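>>> what shape does this take:
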Amino acid sequence: MSKKKAFALRINEEMLKAIEKWASDEFRSTNGQIEWILMQQLKEHNREPKKTEKK
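Have a look, this model is predicted:
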């Protein structure tokens, strides 16, 4: 599993509420939902992160 890095994200309140509701509907955390949304967009645009080999 890749290392996770924390960073601050500023997002408008209405958008955050919508993401929180979506996350709840999908049984995910808000953070997990944001990661999932970002990964879906990366895949859609052929910009997925390169997989690193396990040592």
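
>>> quick one, phi psi at F27?
Backbone geometry at F27, expressed as degrees, to the nearest 10, gives phi 60, psi 40.

>>> could I get the pLDDT score of it?
F27 is assigned a predicted lDDT (pLDDT) of 98.

>>> what comes into contact with the top helix by length along the chain?
Ordering each helix of the chain by length in residues (DSSP state H) puts helix 30-44 first. Here helix 30-44 makes contact (Cβ atoms under 8 Å, 6 or more residues apart in numbering) with 9, 16, 19-20, 22-23, 26, 28, 48-49. From N, CA and C alone the C-beta is placed, and that goes for glycine too.

>>> so among those, where is pLDDT lowest?
P49 (90).

>>> so it, which state does it fall into?
coil (DSSP: H, G, I helix; E, B strand; the rest coil).

>>> any idea how far K3 is from it?
Noted for P49: a distance of 12 Å to K3, by Cβ to Cβ, to the nearest Å.

>>> looking at those two, which is more packed in?
Set side by side, P49 and K3 show more neighbours around P49, with 8 against 5, by other Cβ atoms under 10 Å.

>>> most centrally placed residue in the chain?
E35 (0.9 Å; Cα atoms, centre = their mean).

>>> return the distance of it relative to A6.
Distance from E35 to A6, by Cβ to Cβ: 12 Å.

>>> cool, A18 as well?
23 Å.

>>> got it, and P49?
Distance from P49 to A6, by Cβ to Cβ: 17 Å.

>>> likewise for L16?
17 Å.

>>> tell me which of those two has more neighbours.
Neighbour count, other Cβ under 10 Å: between L16 and A6, L16 has more, with 14 against 6.

>>> where's the more buried one, which helix or strand?
helix 13-25 (DSSP states H and E).

>>> neighbouring contacts of that helix?
Contacts for helix 13-25 (Cβ under 8 Å, 6+ apart): 11, 29-30, 32-34, 37.

>>> rewinding a little: in a markdown table: the contacts of helix 30-44, plus distance to Q41.
Converted to a markdown table, these look like this (distance: Cβ to Cβ, whole Å):
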| residue | distance to Q41 |
| --- | --- |
| L9 | 15 |
| L16 | 18 |
| I19 | 14 |
| E20 | 19 |
| W22 | 15 |
| A23 | 16 |
| E26 | 16 |
| R28 | 16 |
| E48 | 10 |
| P49 | 12 |
